[in-house]
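[1] with the sequence up front, the predicted model follows.
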Amino acid sequence: MLEVISALKGYAIEASDGKIGSAGDFLFDGEKWQVRWLVVDVGTWLSERMILLQPSAIAQTDYEGQKLRTNLTKAQVEGSPNISEHEPVSRQMERQLYSYYGWDPLWGGDYLGGTAGAMATPLVSEPYMGIGAATAAADIDPAPPAEDLALQSSNEVVGYHIHAADGDIGHVENLLIDSTTWGIRYLIVATSNWWIGQHVLISPAAVREIDWSDRHVKLNVTREQVQTSPPWDPNKLMDQDAMKQLHSHYGWPGSGA
């Protein structure tokens, strides 16, 4: 199943013995397009601390009640590694979290060649301070240069300008994620004044380059390809055949189904 990531923002985060806080942001690996951390807004309970949860900790999503239920206790969360809300997320911090909770550093999956659900839900800032290292463990993969480890904020990426190979097409309005793996499957692009009133889905497979400092995403597709792509209505179900048509149109890997 595909989920609009912003629709989950504000959902209550519940431990097995009470509420922890609410979903404030989602940090993703900008190379693999994989959500790595859920940033929990805990209010005054654990002030000045940043609470990060791996999405694998989400045991159940209650859409009607707007709750994300975890398999953790409040005591576990309170006893987690102390990370200042003003610090970037470092590789060492991630290792501490993996060790403390017993989480798998390789949890999740790449979007390329992967599968996603068949339903698209309806469309329903300032840069995040806690951005730093991407997911990895020293005994799994040698540490790449620090500049290659940046996590990105889903809140921050909204509004980024989108450039096709031959001109602007609009801006990022949202992200669609796979609710099972939390991989980012599509950028939801509002085509603004170029193609008024339209929204299109762009796979990360089409992203050629991202200028995070200048808030621009450059694609390897043309404006004509975008305009002739299969239509997408965010208010309707998107079946498997429609997703296959979208991938076939652009020549993207995987079926999108």
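    Here it is on my side, so go on.

[2] give me the below-cutoff pLDDT ranges for the stretch 101-250 of the chain.
    109-150, 237-238 (pLDDT under 70).

[3] please redo it, this time with the cut-off set to 80
    Within the stretch 101-250 of the chain, the set of residues satisfying pLDDT under 80 comprises 108-150, 233-240.

[4] can you show me the strands along it?
    Defined through DSSP state E, counting those that start in this stretch, the strands belonging to the stretch 101-250 of the chain, from first to last, are 151-153, 161-164, 167-178, 184-190, 199-202, 207-211, 216-219.

[5] wait, which of those is closest to residue 55?
    Each of the strands of the stretch 101-250 of the chain was scored for nearness to residue 55 using C-beta to C-beta, and the closest is strand 167-178 (9.1 Å). (Each C-beta comes from the backbone N, C-alpha and C, glycine too.)

[6] dump that closest one to PDB, restricted to CA.
    C-alpha atoms of strand 167-178 as PDB (Å, rounded to 0.1, in the frame of the first residue of the first chain):
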ATOM      1  CA  GLY A 167      12.700  22.900 -18.400                       C
ATOM      2  CA  ASP A 168      10.900  23.400 -15.200                       C
ATOM      3  CA  ILE A 169       7.800  21.300 -14.500                       C
ATOM      4  CA  GLY A 170       6.800  22.300 -11.000                       C
ATOM      5  CA  HIS A 171       7.600  21.500  -7.400                       C
ATOM      6  CA  VAL A 172       7.500  18.600  -4.900                       C
ATOM      7  CA  GLU A 173       4.200  18.600  -3.200                       C
ATOM      8  CA  ASN A 174       4.500  15.300  -1.200                       C
ATOM      9  CA  LEU A 175       6.100  11.900  -1.100                       C
ATOM     10  CA  LEU A 176       4.500   8.500  -1.600                       C
ATOM     11  CA  ILE A 177       6.000   5.700   0.500                       C
ATOM     12  CA  ASP A 178       5.500   1.900   0.700                       C
END
